[in-house]
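K.L.:
pasting a predicted model and its sequence here:
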Amino acid sequence: MFLGQYQLKFTGKGRIILPKKLRSEVLGAKLILSRGFEGCIWGFTELGFEEEAKRQLEVSATEERARMLRRYLFSASVAAELDLQNRFVIPQVLLDYAKLKKDVVVIGAGDHFEIWDEYLWDKHIREVEKEYGR
């Protein structure tokens, strides 16, 4: 299970290190990166992504909402591999989508992890706290 919150900086053009506690959930598997919601990037293990994809594909493509979600999820999804320093590269299309430039927050979200621009994450979590109290 992906848990925790980690402040990171890029180690090169679009390249970040997957935090150690999140790496333990990956165990050498390929990562799949995709658009998430609220402006973040989702990261899954290959198996985790297959499970999410299966849930999305259970709804008939004749339903407009199902088609829209499939297009949104799958069109920007890419495989990424960890290098020997446990880094991976986020493709430009996802960097642009999530407005990632310098300071990044990676959070565990149970069955996946999320990559956020630090400012957007702080704004999002304040909105969640305001809505649901703390």
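P.N.:
Perfect, thanks for sending it.
K.L.:
what ranges do the strands span in this structure?
P.N.:
Taking DSSP state E, the strands of the chain run over residues 5-9, 15-17, 31-35, 41-45, 78-80, 87-89, 103-108, 113-117.
K.L.:
so which of those strands is nearest residue 97?
P.N.:
Closest to residue 97 of those, according to CB to CB: strand 31-35, at 5.6 Å. C-beta: built from backbone N, CA, C; applies to glycine.
K.L.:
which strands and helices lie in contact with that closest one?
P.N.:
Under the contact definition 3 or more CB pairs under 8 Å, 6 or more residues apart in numbering; DSSP states H and E, strand 31-35 sits against strand 41-45, helix 46-57, helix 64-75, strand 78-80, helix 92-98.
K.L.:
one more time with 6 Å
P.N.:
Under the contact definition 3 or more CB pairs under 6 Å, 6 or more residues apart in numbering; DSSP states H and E, strand 31-35 sits against strand 41-45, strand 78-80.
K.L.:
list the contacts of it.
P.N.:
Outside strand 31-35, the residues within contact range by CB atoms under 6 Å, 6 or more residues apart in numbering are 41-44, 46, 49, 73, 76-80, 94, 97.
K.L.:
mind checking which of these are buried?
P.N.:
Those of these that meet the buried threshold are 41-44, 49, 73, 76-77, 80, 94, 97, by 16 or more other CB atoms under 10 Å.
K.L.:
quick check: the two most widely separated of these?
P.N.:
The most widely separated members of the buried ones among the contacts of strand 31-35 are 49 and 97, with 17.1 Å between them, by CB to CB.
K.L.:
tell me where the model's unsure across this protein.
P.N.:
Applying pLDDT under 70 to the chain flags residues 29, 134.
K.L.:
right, I'll call it a day here.
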